[in-house]
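Undergrad: my questions concern the predicted model and sequence given below.
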Amino acid sequence: MIRLSLLMIIIEEIISATGVLTGHPLDTVKIRQQTEAQNVYRCCASIIQNEGILGFFKGMSSPLISFTAIHAIAFGVYGNTMKLFDNYHNLFGSFIAGNMAGIAQCSICIPSDLLKIKLQLQKNNRQKLYTSSYDCAQKMIKQHGFLSIYKGTWITVARDGPGYGMWFVTYEFCTQKLSNDGTASSLTTFQLLLAGG
């Protein structure tokens, strides 16, 4: 049992790392575009010219470290909250449990995202305020207090609570419609992927 749990954690960490490694460069370009109003080509050219290829990966340590914890919290809270509802496949219960999961994961997601963005916006060594996610968090807390790493909390909670709620409802609905017995355990791999699992 412990070996299986450890194996699942390792597999989830590999999957999370792969997702972050492939998506982070695009996220960096998106963040730069949103703050500098450049087109994709100019933004990418500027990063390569001024920061090198590693400029696309600034701030990546924060999501790499936090991704597994975020998912563990979200799925743990969802599963435990669903136990409060008599009918496990109750879509209303799934929405409430999803909301709770989305809100709970904000405790890790908000500081992780803030640190990532702060590092992504640093352009070159002359403007470098932070050397790492840890350095960024340490300086922000020292200068502005612990709650400074939770800027944007209420809007993130307002986005992620219902967002996770809808994701879990969609998953449960698709699972019910695609399976013979209404549970994910009877789904084929393709059906499970189609349901969003």
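TA: That came through fine. Numbering: from 1, shown residues only.
Undergrad: and the pLDDT at C136?
TA: Here the pLDDT value assigned to C136 is 93.
Undergrad: okay, now it: neighbour count?
TA: Number of residues near C136 (other CB atoms under 10 Å) recorded here: 23. (C-beta placed from N, C-alpha, C; glycine too.)
Undergrad: just give the nearest non-adjacent residue to it, would you?
TA: In this structure, C136 finds its nearest non-sequential neighbour in Y130, 3.8 Å apart by CB to CB, 6 or more residues apart in numbering.
Undergrad: and E13, what element?
TA: helix 2-36 (DSSP states H and E).
Undergrad: let me see the mean pLDDT of that helix.
TA: 81.
Undergrad: in that helix, which residues are buried?
TA: For helix 2-36, the neighbour count (16 or more other CB atoms under 10 Å) marks 16, 20, 24-25, 27-29, 31-32 as buried.
Undergrad: same thing with stretch 148-168?
TA: Neighbour count says stretch 148-168 has 149, 156-157, 160-161, 164-165, 167-168 buried, by 16+ other CB under 10 Å.
Undergrad: now do the strands in this protein.
TA: Using DSSP state E, no strands are assigned anywhere in the chain.
Undergrad: show me where it dips below the pLDDT cut-off.
TA: The model of the chain has pLDDT under 70 over residues 1-6, 8, 86-89, 125-127, 182-185, 187, 192, 195, 197.
Undergrad: show me the contacts for the closest residue to I73 other than its chain neighbours.
TA: Nearest residue to I73, sequence neighbours excluded (CB to CB, 6+ apart): Q105, at 4.8 Å. By CB atoms under 8 Å, 6 or more residues apart in numbering, the contact list for Q105 reads 70-71, 73-74, 77, 160, 164.
Undergrad: now L119
TA: Counted by CB under 8 Å, 6+ apart, L119 has contacts 58-59, 62, 130, 132-133, 136.
Undergrad: mind running it again at 7 Å?
TA: Shown in contact with L119 (CB atoms under 7 Å, 6 or more residues apart in numbering): 58-59, 130, 133, 136.
Undergrad: could those residues go into TSV alongside distance to L119?
TA: Converted to TSV, the contacts of L119 look like this (distance: CB to CB, whole Å):
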residue	distance to L119
K58	5
G59	3
Y130	6
S133	7
C136	6
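Undergrad: out of those residues, who has the most neighbours?
TA: Most surrounded of the contacts of L119: other CB under 10 Å gives G59, at 26 neighbours.
Undergrad: can you tell me how far the closest residue to that one other than its chain neighbours is from S179?
TA: Nearest non-adjacent residue to G59, counting by CB to CB, 6+ apart: L119, 3.2 Å away. Going from L119 to S179 by CB to CB, to the nearest Å gives 43 Å.
Undergrad: quick revisit: for the residue nearest to C136, phi and psi?
TA: The phi and psi values for Y130, taken as degrees, to the nearest 10, are phi -130, psi 140.
Undergrad: how about L121?
TA: Main-chain torsions, L121, degrees, to the nearest 10: phi -80, psi -10.
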